[in-house]
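Participant: Model the following, please.
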Amino acid sequence: MTAASGNQHRPFRPGERVLLIDSKARRYMITLAEGGSFSTHAGTIPHTDLIGRDEGILLRSSHGARLRAVRPTLSDFILKMPRGAQVIYPKDIGPILVLADIFPGARLLEAGVGSGALSMALLRAVGAEGSVVGYELREDFAAKALKNVESFLGPDQPYRVEIRDVYEGIGPEHFPDGALDRIVLDLPEPWRVVKHATEALRPGGILLSYLPTIGQVARLREELDGSPFGLAETLEVLQRTWHVEGQSVRPDHRMVAHTGFLTAARLLDPDLPEVPPGPGVSPGNAA
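Facilitator: Here you go, the predicted structure:
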């Protein structure tokens with residue numbers, strides 16, 4: 001049983017992941033097993049104390065420490081999951097889904113899958129009717145991504161990973177149904193993909209790139225400016241949490257500032273004929 005299938009109201013079951021949160025907000029993710037137990041310096045909690053109980057319960061360890069038990073969200077899982085490469089963090093994943101306008105049924109290419117953090121969010125967004133194909137150079141990263149996706153979302157996802165260099169092209173054999181709706185890149189030189197994306201995306205399709213430095217962004221934007229892509233925009237997301245406790249209300253002392261720049265652009269069809277102005281509108285006055 002996976003975390004993703006735990007949205008309906010039901011008790012914890014063996015095989016499920018559970019997130020334990022102690023009084024100091026430390027988080028521990030465990031997988032329930034018959035006869036298993038969880039131990040820290042604050043004591044032990046047998047898995048039998050959790051199995052058959054409802055989400056949100058408060059437990060006490062053998063030393064009297066209190067821990068709250070909930071099912072992990074996708075954000076929780078990303079921060080705790082096994083990884084081989086640096087992941088795109090939740091604060092950027094949400095804006096990526098909106099900026100790239102990932103929708104149910106979308107056909108999507110993700111290049112640079114890393115450990116699969118973004119892949120999981122993309123799969124949730126495209127749904128069973130969509131598809132996500134990943135290009136990854138390293139076999140160990142590809143294997144890790146596939147394992148993490150199956151671990152959280154379950155088997156039989158519309159997801160596969162090809163050991164392939166996207167800089168060399170986007171294979172039409174991987175998309176027999178036609179053009180792509182979206183391309184999402186987590187690569188150091190995404191400008192090398194622009195020409196391939198022009199051929200692989202449908203008109204109106206969106207290319208999105210995640211980059212750590214503004215110099216890379218400038219190079220990408222230069223390439224986009226000389227291509228059929230338009231409506232380009234670049235942003236970064238800064239996340240500042242707040243301390244709210246009684247009358248003490250202030251920004252937290254630490255914040256998650258820069259992690260990466262998000263750049264998105266839409267493929268426009270330069271071969272479409274220009275739409276003539278409407279009746280009574282002269283060409284010089286047309287918007």
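
Participant: ok, for Pro158, nearest residue in space, not its chain neighbours?
Facilitator: Ser131 (4.3 Å; Cβ to Cβ, 6 or more residues apart in numbering). Every C-beta, even on glycine, is put in place using the N, C-alpha and C of the backbone.

Participant: Identify the residues contacting the one you found.
Facilitator: Arg107, Leu108, Pro158, Tyr159 (Cβ atoms under 8 Å, 6 or more residues apart in numbering).

Participant: tell me which element the nearest residue to the second one once chain neighbours are set aside falls in.
Facilitator: Closest residue to Leu108 apart from its sequence neighbours, by Cβ to Cβ, 6+ apart: Arg182 at 4.6 Å. Using DSSP states H and E, Arg182 falls within strand 180-185.

Participant: Check which residues of the next helix-or-strand element following that strand are buried.
Facilitator: Next in sequence after strand 180-185, counting helices and strands by DSSP H and E, comes helix 194-200. Buried residues in helix 194-200, counted by 16 or more other Cβ atoms under 10 Å: Val194, His196, Ala197, Ala200.

Participant: I'd like the next helix or strand past helix 194-200.
Facilitator: strand 201-211.

Participant: Give the helix, strand or coil label for Val18.
Facilitator: strand (DSSP: H, G, I helix; E, B strand; the rest coil).

Participant: I figured it hits Arg27, correct?
Facilitator: No. At 10.9 Å, Val18 does not count as touching Arg27 under the criterion of Cβ atoms under 8 Å.

Participant: Who has more neighbours out of those two?
Facilitator: More neighbours surround Val18 than the other of Val18 and Arg27, with 23 against 15 (other Cβ atoms under 10 Å).

Participant: First-to-last residue distance for stretch 50-58?
Facilitator: 10 Å (Cα to Cα, to the nearest Å).

Participant: any idea how far it is from the chain center?
Facilitator: Chain-centre distance of stretch 50-58: 28 Å, with Cα atoms, centre = their mean, to the nearest Å.

Participant: That one: which residues count as buried?
Facilitator: Leu50, Ile51, Glu55.

Participant: Point out where the stretch 1-150 of the chain drops to low pLDDT.
Facilitator: Under the criterion pLDDT under 70, the flagged ranges of the stretch 1-150 of the chain are 1-8, 84-85.

Participant: Report the contact partners of Pro158.
Facilitator: With Cβ under 8 Å, 6+ apart, Pro158 has these contacts: Leu123, Val126, Ala128, Gly130, Ser131, Val132.

Participant: quick one: which of these sit in strands?
Facilitator: Ser131, Val132 (DSSP state E).

Participant: Got a PyMOL select line for the buried ones in the contacts of Pro158?
Facilitator: Buried members of the contacts of Pro158, identified by 16+ other Cβ under 10 Å, are gathered into one PyMOL selection as follows:
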select buried, resi 123+126+130+131+132
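
Participant: Between which two of the contacts of Pro158 is the distance greatest?
Facilitator: Farthest apart among the contacts of Pro158 by Cβ to Cβ are Ala128 and Val132. That separation is 11.7 Å.

Participant: quick one on the thing from earlier: for the buried residues of helix 194-200, which one is nearest Pro14?
Facilitator: Ala200 (44.0 Å).

Participant: Please look at that closest one and Asp181 and confirm they touch.
Facilitator: No. With contact defined as Cβ under 8 Å, Ala200 does not count as touching Asp181 (10.3 Å).

Participant: where do the helices sit along the stretch 1-150 of the chain?
Facilitator: 74-80, 90-99, 117-126, 139-153 (DSSP state H, counting those that start in this stretch).

Participant: Of all the ones you listed, which one is nearest Ala264?
Facilitator: When the helices of the stretch 1-150 of the chain are compared (using Cβ to Cβ), the closest one is helix 90-99, at 4.7 Å.
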